[in-house]
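Mind folding the following:
(chains A and B)
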Number of protein chains: 2
Amino acid sequence: MKQAIIITIGDELLIGQVVDTNSAWMAQQLNRWGFEVHAIVSVHDNAEQIVSALDDAVQCADLVLLTGGLGPTKDDITKHTLCRYFGAELVYRQDIREHLEQLYANRPDVLNRLTDTQCLFPANATLLRNAVGSAQAMLWEHQSSSFSHHTSTVISMPGVPYEMMWIMEHSVEPLFQASSDITHRTIQVTGIPESALAILIEDWENALPNGIHLAYLPKDGIIRLRLSGYGVPVEMVERERHKLLELLNAHDPNLVVATEDKPIEVLVGEALKHRHLTVATAESCTGGKIAQLLNRHPGSSAFYYGSVVAYDNSVKQHVLGVSLQDLDSFGAVSEPVVRQMADGVRRLLHTDYAIATSGIAGPDGGTPDKPVGTVWIAISTPEETYAQCFQLGKLREQITDRATLKALIWLLKILNK
Amino acid sequence: MKQAIIITIGDELLIGQVVDTNSAWMAQQLNRWGFEVHAIVSVHDNAEQIVSALDDAVQCADLVLLTGGLGPTKDDITKHTLCRYFGAELVYRQDIREHLEQLYANRPDVLNRLTDTQCLFPANATLLRNAVGSAQAMLWEHQSSSFSHHTSTVISMPGVPYEMMWIMEHSVEPLFQASSDITHRTIQVTGIPESALAILIEDWENALPNGIHLAYLPKDGIIRLRLSGYGVPVEMVERERHKLLELLNAHDPNLVVATEDKPIEVLVGEALKHRHLTVATAESCTGGKIAQLLNRHPGSSAFYYGSVVAYDNSVKQHVLGVSLQDLDSFGAVSEPVVRQMADGVRRLLHTDYAIATSGIAGPDGGTPDKPVGTVWIAISTPEETYAQCFQLGKLREQITDRATLKALIWLLKILNK
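The predicted structure is shown next:
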């Protein structure tokens, strides 16, 4: 299997100011192209550290992807460091200058002497085009000096996510034949603890053929079971996936919520779109998180109409029509209120389905009766309105993330009935 | 300066199924405790790779933090690998068993023979308590065998973010005296290209004293300028920060949007709360993103009342009171519509301020007149309603993220006037 190593460069990663989202995305692409990602390494904007990480990487990897440190400012040192590493001179490239002039046609203030340094490009590197930013990517073929004559391709890209993505899709992918012999298949399971699930499928797991590996990825109430085949035919992985599905369904047909690795909101969207149905949300504690998931993917306007984030009780009452008496008697986090929120938004926005949430996300506002983590969720459907109370943990972000996921899984199950 | 290395373990990281958010958070804590994070390394659930990363780390780091691979299932091998590395026997600990019985008092189905393996703990390790999960953290003091007698502390924690966070805060932090000699100060700047900014402050930057370093972190229209002092007095960093602020303000008093490293939505919230003012949002293309930022932090109910996500035009018309004639004549992405959205939601939810967005997030829906990336933003205030049109890029996520940030920065500037 061809090996890749990702090196992300930037002080901001190592002081925790920025989360490295690039690596996961790059790893997915590399997998698709038939590479196994051996390791991901983050280092400072420091020449010695960059060289040391690169030295290690070229020894074992066929492909080394570097991101970051290609900006025009003083703290960006990757280009100069790589030039020294590969013994390259910088030459001024008129084609890059023309690209910059086009890129900033409407923003002449961006074209100055610092930006102009982006036109300096290593003479012995191949230019990989970046149409959406100023820093062009560089490619070198590196021949190890040891007697093994191992060759690595080294590619350096900017760290700005959408620039890196553009370069990967348009300039890097064409270089690599998509001939992956890595296969991943994911089944999503809910309503069972990880350990109980592991015992349930233990015999099957122990009998897995060589080259097929199972991983458990639990998060916020969903366990993703990922079957990975390395160097084995796709059919073999499919056969094991099929056995696993049968095993799970025989135990409890409600366990499996999805048979592919798509986010739940995408599965909900597909189920709605397929049946020409629409949805709205009325959110208190989740504060728009469900809305945001439902409309984040292209094409969502076909099934998603809108939402009311009813954070303050006045909004629940005046916009969604929740009874003031019920708000007073039962409190905002209660069954009658969450039901009226769901029904209210479904009526207001004229949709087929509606989701409502009302809970105590903390850190304040908990009582002995309704501790932090108490969340009521309701689903309003053309036939019936369902409501249920959950205890979803102790931390604000965790509670709202789990409530969001619970609500979407519940709607998906109702739609798939 | 004490050095730390973070090793995150898990196949899911290297196939890109999960973004490593733990490392950034851990790096922030380590900085606070006076450690510089030398590198972050992600490796597979593979004994050889874990040992190799650990071998490298203990050579140069005073503290090595590992996360992941401590679950009860077959793919979790970190505990056994570390036991071999440190020559440890596993012993059954009754105190862990009692903790599990308490933890799962309401969920007896979780306590089975697999969960019970969590009670096996390395005899020569120190237990660091995890009150919110089953896997307890392990600490070893490692003495290098070379003649340098370098000692490293090695700590292995679960990878579930909130469990890792609990352990770091309650069980690890007390072990390290907070005696940091690292100082970070951040100024947030907007409305100027990175390269023009660099030229503007070049003389000041070139004259920075030894031990103080400047970094540029551009993202979605904001450039964070981070001044980092390593082993220098805080006052020295503060002095440079002051000089920088003066320089920027002399050039254009609108450049600086914030003088600390807080998210914009927190600064907006503080400005509102301080003056007992409230805000609502009416969102089309941002789909609830602004709402979610405004209410994600504790205490937001003091200034945030609610939102209408008006994705479908019928919601703009019937809930927000946008004129059907204007929707027809000018389209949803237009100045009259976004103004009426902002005014409408301010009236509907009885708030002092309101933000509205309407744009073409793509990938479809663009026209020559209004290409993908066109976004109208309006701010309704007690005095006046402002509206402006922006071109925010080509990619859906980028466009909605930028629109969200633009709107919040704009409101912050109005509030700070």
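
if I look at A:Leu30, how far off is chain B?
Using CB to the nearest CB, to the nearest Å, we find A:Leu30 at a distance of 8 Å from chain B. The C-beta positions use only the backbone N, C-alpha and C, and glycine is treated the same way.

repeat for A:Gly191
For A:Gly191 relative to chain B (CB to the nearest CB), the value is 10 Å.

cool, and A:Asn249?
With CB to the nearest CB as the criterion, A:Asn249 and chain B are 19 Å apart.

Compute the number of surrounding residues for that residue.
A:Asn249 has 12 neighbours, counted by other CB atoms under 10 Å in any protein chain shown.

got it, and A:Lys413?
14.

can you tell me the helix or strand for it?
Taking DSSP states H and E as the criterion, A:Lys413 maps to helix A:396-416.

Got phi/psi on A:Ser380?
When read as degrees, to the nearest 10, the backbone of A:Ser380 gives phi -100, psi 130.

Next, count neighbours for it.
Neighbours of A:Ser380 (other CB under 10 Å): 28.

Which residue, other than its chain neighbours, is closest to it?
A:Ala342 (3.8 Å; CB to CB, 6 or more residues apart in numbering or on different chains).

I figured that neighbour hits A:Thr351, correct?
No: using CB atoms under 8 Å, A:Ala342 makes no contact with A:Thr351, being 10.6 Å away.

Who has more neighbours out of those two?
A:Ala342 (29 against 23).

Stretch A:200-210 spans what distance, first to last residue?
Stretch A:200-210 has an end-to-end distance of 21 Å (criterion: CA to CA, to the nearest Å).

ok, now stretch A:125-142?
End-to-end for stretch A:125-142, by CA to CA: 11 Å.

now swap in stretch A:98-108 and tell me
End residues of stretch A:98-108 are separated by 13 Å (CA to CA).

I'd like the average pLDDT over that stretch.
Mean pLDDT, computed over stretch A:98-108, is 87.

chain center to the least confident helix or strand in chain A by mean pLDDT: distance?
Sorting the helices and strands of chain A by mean pLDDT, DSSP states H and E puts strand A:212-219 at the bottom, at a mean of 86. Counting by CA atoms, centre = their mean, to the nearest Å, strand A:212-219 is centred 17 Å from the centre of its parent chain.

Report the buried residues of the helix or strand just after it.
Following strand A:212-219 in sequence order, the next helix or strand is strand A:222-230 (DSSP H and E). Buried residues in strand A:222-230, defined by neighbour count with 16 or more other CB atoms under 10 Å in any protein chain shown: A:222-229.

Grab the two from those residues that are most spread out in space.
A:Ile222 and A:Gly229 (22.4 Å; CB to CB).

Return the residues in contact with A:Asn210.
A:Val232 (CB atoms under 8 Å, 6 or more residues apart in numbering or on different chains).

same check, this time on A:Tyr216
Shown in contact with A:Tyr216 (CB under 8 Å, 6+ apart): A:194, A:197-198, A:223-225, B:71, B:73, B:75.

so A:Lys413 touches A:Leu255, yeah?
No: assessed by CB under 8 Å, A:Lys413 is found out of contact with A:Leu255, at 11.0 Å.

residue ranges with poor pLDDT in chain A?
A:146-148, A:177-180 (pLDDT under 70).

Quick check: most distant residue from the centroid of it.
A:Gln325 (42.6 Å; CA atoms, centre = their mean).

sec struct for that one, please.
helix (DSSP: H, G, I helix; E, B strand; the rest coil).

Surely A:Leu320 touches A:Val337?
No: the pair A:Leu320 / A:Val337 is not scored as a contact, 9.4 Å apart, by CB under 8 Å.

Looking at the two, which is more packed in?
Between A:Leu320 and A:Val337, counted using other CB under 10 Å, A:Val337 has the larger neighbour count: 29 against 23.

In three-state terms, how would that one be classified?
Relying on three-state DSSP, one would call A:Val337 helix.

Quick check: it vs A:Gly359, distance?
11 Å (CB to CB, to the nearest Å).

same check, this time on A:Trp25
The gap separating A:Trp25 from A:Gly359 is 32 Å, by CB to CB.

So those two - more neighbours on which side?
Per other CB under 10 Å, whichever of A:Trp25 and A:Gly359 has more neighbours is A:Gly359, with 28 against 15.

what pairs with the more buried one across the strands?
Applying DSSP bridges to A:Gly359 gives these bridge partners: A:Val375.

In contact with it: list those residues for me.
Contacts of A:Gly359 by CB under 8 Å, 6+ apart are A:284-286, A:333, A:373-376, A:390, A:392, A:399, A:403.

now, among the residues you listed, which is nearest to A:Ile96?
A:Thr286 (46.6 Å).

which non-adjacent residue is nearest that closest one?
A:Thr357 (4.6 Å).

picking up where we left off before, partner strands of the least confident helix or strand of chain A, with direction?
strand A:222-230 (antiparallel).

list the buried ones in the next helix or strand after the partner strand?
Going down the chain from strand A:222-230, the next helix or strand is helix A:234-251, by DSSP H and E. Under the neighbour-count criterion of 16+ other CB under 10 Å, helix A:234-251 has A:236-237, A:240-241, A:244, A:248 buried.

Spatially, which two of those residues are the most separated?
Maximum distance among those (CB to CB): 19.2 Å, for A:Met236 and A:Leu248.

Could I get the contacting residues of A:Met164?
A:Met164 neighbours (CB under 8 Å, 6+ apart): A:22, A:26, A:67, A:157-158.

Those in strands, which ones?
If you go by DSSP state E, these have A:67, A:157 in strands.

Which single one of the contacts of A:Met164 is nearest to chain B?
A:Met26 (7.1 Å; CB to the nearest CB).

What distance do you get for that closest one to B:Gln391?
28 Å.

Looking only at neighbour counts, state which of the two leads.
The neighbour comparison of A:Met26 against B:Gln391 (other CB under 10 Å) goes to A:Met26, with 24 against 15.

Near A:Gln388, how many other residues are there?
Neighbours of A:Gln388 (other CB under 10 Å): 14.

What parts of the stretch 151-300 of chain A come near chain B?
Contact residues (CB under 8 Å from any CB of the partner chain) of the stretch 151-300 of chain A with chain B: A:160, A:162, A:184, A:186, A:193-196, A:198-199, A:205, A:213-219, A:224, A:226, A:228, A:261, A:281, A:287-289, A:291-292, A:294-296, A:298-300.

Go ahead and build a ChimeraX selection from the buried members of the residues you listed.
Selection of buried members from these for ChimeraX, criterion 16+ other CB under 10 Å:
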select /A:160,162,184,186,193,194,195,198,205,213,214,215,216,217,218,224,226,228,281,287,288,289,291,292,294,295,296,300
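
Out of the residues of the stretch 151-300 of chain A next to chain B, list just those in strands.
A:184, A:186, A:213-219, A:224, A:226, A:228, A:281.

mind listing what A:Glu265 touches?
A:Glu265 touches A:293-294, A:296-297, A:408, counting by CB under 8 Å, 6+ apart.

That one is in what secondary structure piece?
Using DSSP H and E, A:Glu265 falls in helix A:264-274.

Give the buried residues for that helix.
So helix A:264-274, judged by 16+ other CB under 10 Å, has buried residues A:264-272.

Which residue ranges of the stretch 51-200 of chain A form strands?
Taking DSSP state E, counting those that start in this stretch as the criterion, the stretch 51-200 of chain A contains strands spanning A:63-67, A:90-92, A:120-122, A:126-128, A:137-143, A:151-157, A:182-190.

A:Pro72: neighbouring residues, count only.
With other CB under 10 Å as criterion, A:Pro72 counts 21.

typed the wrong thing, it's A:Glu98
With other CB under 10 Å as criterion, A:Glu98 counts 11.

Kindly state the beta-bridge partners for the closest residue to A:Leu120 other than its chain neighbours.
With sequence-adjacent residues excluded and distances taken as CB to CB, 6+ apart, A:Leu120 is closest to A:Leu90, at 4.1 Å. For A:Leu90, the beta-bridge partners are A:Pro122 (DSSP bridges).
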